[in-house]
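Asker: Let me see the structure of the following:
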Amino acid sequence: MLLTRIKGPRDLDRLSPEELDQLAAEIRSFLVDAVSKTGGHLGPNLGVVELTIALHRVFDSPKDKVLFDTGHQAYVHKLLTGRQDFGGLRTKGGLSGYPSRAESDHDVIENSHASTVLGWADGLAKANEVLGREDHHVAAVIGDGALTGGMAWEALNNIAAAKDRPLVIVVNDNERSYGPTIGGLANHLATLRTTDGYERFLARGKDLLERTPVVGRPLYETLHGAKKGLKDFIAPQGMFEDLGLKYIGPIDGHDIDALESALQRAKRFSGPVIVHCLTQKGRGYEPAVQDEADRFHAVGVIHPDTGLPVTTDAASWTSVFADEMVKLGRERKDIVAITAAMLQPVGLKRFADAYPDRIFDVGIAEQHGATSAAGLATGGAHPVFAVYATFLNRAFDQVLMDVALHKCGVTFVLDRAGVTGTDGASHNGMWDMSIMQVVPGLRLAAPRDAEQLRAQLREAVEVKDAPTVVRYSKGVVGPAVPAVGRIGGMDVLRTPAPEVTRPDVLIVSVGALAPMCLEIADLLDKQGISSTVVDPRWVKPVDEALAPLADGHRVVVTVEDNGRTGGVGAAVSQALRDAGVDVPLRDFGIPQRFLDHASRKEVMAEIGLTAPDIARQVTGLVAKLDGRYENEPAATVD
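Answerer: Here you go, the predicted model:
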């Protein structure tokens, strides 16, 4: 196999055109076989095989910086830079599903949030200029979907300002992000895709006009002199050129020779150049090509021949939300939904099918989505903006100043909250409950099971004068966790034995960690430590009934799937201090550090967010209160 002979990008230089085509075919076969076993981003990588080969033949990485926006399309890049062991892809100790500086000097950007690559490229090109590195180049690959993000256009505005600063921008135009790309830019690029090039038009016109007596040749010269205007009329790439960016394309993104020619021309140019490449997401794998939803953007473990899942998952948190949204849409005509280019992943496809006039896909533009939601609410609708928890970080200012300040009834639904695991540091939704704590008037719900998700979503959309947030985990929703009572607005999940007059520990359970908290209570009980377990349901604001309840216990423990700094534990601690309740409190959550990719279970074990770990520490705390020393054998947990 040719692929096994590729140890680095310069090994590509020795291959003939026929061998390059063979290599492309081998890479596609490798990707289908490898990713079907582990899961991962399949469709995007199948679409950039030839483009990545051409990039690494033209540019000299790592001296030249080859950058990938979002990074989910970097598997081919990994293969060509010496990383061909995909057996542990996205698992602990294996290859990351995104570029990783720890893996290779060829990787530059680890942040897998979209629309950032042009900002990085601008900075790297400026560094080359400042330090006099004329033999260094920067090539940034950005999808047409990522170009819908505002950051991309802020960067283009700055890039275009330096006419003599070399920088190559490769637009990987496959008409999609997760799903089909939407918006005015998408329509513009579609025009470029479907219009014959002006050169062919001029060639046909020249042939015709030169056969026309007397006026033919002068008329052709006039037309050719009006090249720019005619070019805009026939293939309106003028949008880029009017910004001051040289434009090359559209180029067949699966023709290595054409790609190399275009990239070489761009590389030689002394200023910023856009190379517009047309690619097909999922290319070469029929199940992906036939998948209209997202062309196998991301898959679990699948059968490589059919593309069908090997196992069928139980109901997910996302599917529970999806079903309830359809019901809400049927009951209330004012309910509308917003997605940031992730209709399918966040569960809004069913709503869109049922109510196509009430769904708004804003593209990869969370900031705009939040402010647009404020406008919708002001206009009398109730928008539900469904987004991954990690991506709401990008719209914080809009949540604060546009939605909350104006007391707009907008519901933010956060999917993939807490530790998500396999997608790595930038995808863990571990900041939302900390960030949102500082927003005045905002109310935040963390459902513990499917029933509570349905109930709390309905409670959220009833709020008309403030933003509400409903957040839940990734993956399969667990079994129902019934309440045994209610105190204030909090559900009581477990009470101590009736004869206990002052229980030892109050466990405040946040969201999907309820089963873990009940397990902690069981482990404490085996040590003779009594406990009460409550689910606040709405963790912001802190329920007024919590302080007097805490005052009746010896220790308060909070357990949350969120960063410890500024999270629910911190809010509970402040509420107890404000109420004059002087009870020891221990908060358990995610440490404020970037977590390497691994399964959710492995990450939780690594950070000590498990029932045995927490029970062991709480047992030691109670032992101290009892006057026993930590090194005595009494405080043990099986």
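
Asker: which residues touch Ala381?
Answerer: Contacts here follow C-beta atoms under 8 Å, 6 or more residues apart in numbering; on that basis Ala381 touches Asp334, Ile335, Val336. For every residue, glycine as well, the C-beta is placed using N, CA and C.

Asker: pLDDT value on the last one, please?
Answerer: Each residue has a pLDDT score; the one for Val336 is 98.

Asker: before we move on, the earlier item: secondary structure and neighbour count for the contacts of Ala381 - can I get that in JSON lines?
Answerer: Converted to JSON lines, these look like this (DSSP: H, G, I helix; E, B strand; the rest coil; neighbours: other C-beta atoms under 10 Å):
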{"residue": "Asp334", "secondary structure": "coil", "neighbour count": "16"}
{"residue": "Ile335", "secondary structure": "strand", "neighbour count": "20"}
{"residue": "Val336", "secondary structure": "strand", "neighbour count": "21"}
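
Asker: Would you reformat the residues you listed as JSON lines and include distance to Arg133?
Answerer: Conversion of the contacts of Ala381 to JSON lines gives the following (distance: C-beta to C-beta, whole Å):
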{"residue": "Asp334", "distance to Arg133": "57"}
{"residue": "Ile335", "distance to Arg133": "55"}
{"residue": "Val336", "distance to Arg133": "50"}
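
Asker: So, low pLDDT: which residues of the stretch 51-200 of the chain?
Answerer: Low-confidence segments of the stretch 51-200 of the chain, defined by pLDDT under 70: 176-200.

Asker: can you dump the C-alpha coordinates of the one helix or strand Ile251 maps to into CSV?
Answerer: Applying DSSP states H and E as the criterion places Ile251 in strand 246-252. In CSV, the C-alpha atoms belonging to strand 246-252 read as follows (Å, rounded to 0.1, in the frame of the first residue of the first chain):
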residue,chain,number,x,y,z
LYS,A,246,-7.6,37.9,-4.9
TYR,A,247,-10.0,35.1,-6.0
ILE,A,248,-9.1,31.8,-7.7
GLY,A,249,-11.8,29.3,-8.6
PRO,A,250,-14.1,27.6,-8.4
ILE,A,251,-11.7,24.6,-8.4
ASP,A,252,-12.7,20.9,-8.6
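
Asker: what's it in contact with?
Answerer: 171, 173, 192-193, 197, 237, 240-241, 258-259, 262, 265-266, 269, 271-278.

Asker: For the helix or strand that it is followed by, give me every contacting residue.
Answerer: Downstream of strand 246-252, the first helix or strand assigned by DSSP H and E is helix 256-268. Residues from elsewhere that reach helix 256-268 (C-beta under 8 Å, 6+ apart): 17, 20-21, 24, 50-51, 53-55, 57-59, 137, 139, 166, 168, 170, 246, 248-249, 251-253, 273, 275, 277.

Asker: Which of the residues in helix 256-268 are classified as buried?
Answerer: Ile256, Ala258, Leu259, Glu260, Ala262, Leu263, Ala266, Lys267 (16 or more other C-beta atoms under 10 Å).

Asker: before we move on, the earlier item: give me the buried subset of the contacts of strand 246-252.
Answerer: Buried among these (16+ other C-beta under 10 Å): 171, 173, 192, 237, 240-241, 258-259, 262, 266, 272-278.

Asker: need the contact list for Arg28.
Answerer: Leu46, Val49, Arg283, Gly284, Tyr285 are the contacts of Arg28 under C-beta under 8 Å, 6+ apart.

Asker: wait, I meant Glu19
Answerer: Glu19 makes contact with Leu2, according to C-beta under 8 Å, 6+ apart.

Asker: In three-state terms, label it for me.
Answerer: helix (DSSP: H, G, I helix; E, B strand; the rest coil).

Asker: Could you find the closest non-adjacent residue to Gly71?
Answerer: Closest residue to Gly71 apart from its sequence neighbours, by C-beta to C-beta, 6 or more residues apart in numbering: Tyr98 at 3.9 Å.

Asker: What strand or helix carries that neighbour?
Answerer: Using DSSP H and E, no helix or strand contains Tyr98.

Asker: what about it, how many residues close to it?
Answerer: By other C-beta atoms under 10 Å, the residues close to Tyr98 number 27.

Asker: wait, isn't it in contact with Gln73?
Answerer: No: if you go by C-beta atoms under 8 Å, Tyr98 and Gln73 don't touch, sitting 9.7 Å apart.

Asker: how much space between the nearest residue to Tyr388 once chain neighbours are set aside and Asn428?
Answerer: Spatially, and ignoring its direct neighbours in sequence, Tyr388 is nearest to Arg416 (4.7 Å; C-beta to C-beta, 6+ apart). The spacing between Arg416 and Asn428, counted by C-beta to C-beta, to the nearest Å, is 8 Å.

Asker: who touches both of the two?
Answerer: Thr390.

Asker: In CSV, list the C-alpha atoms belonging to stretch 160-171.
Answerer: Provided in CSV are the C-alpha atoms of stretch 160-171 (Å, rounded to 0.1, in the frame of the first residue of the first chain):
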residue,chain,number,x,y,z
ALA,A,160,-8.0,42.3,3.3
ALA,A,161,-6.5,45.5,4.7
ALA,A,162,-2.9,44.2,4.1
LYS,A,163,-2.7,44.0,0.3
ASP,A,164,1.0,42.8,0.4
ARG,A,165,0.8,40.3,3.3
PRO,A,166,0.8,36.8,1.9
LEU,A,167,-2.0,34.5,3.1
VAL,A,168,-3.9,31.7,1.4
ILE,A,169,-7.5,31.1,2.4
VAL,A,170,-8.9,27.8,1.1
VAL,A,171,-12.8,27.8,1.1
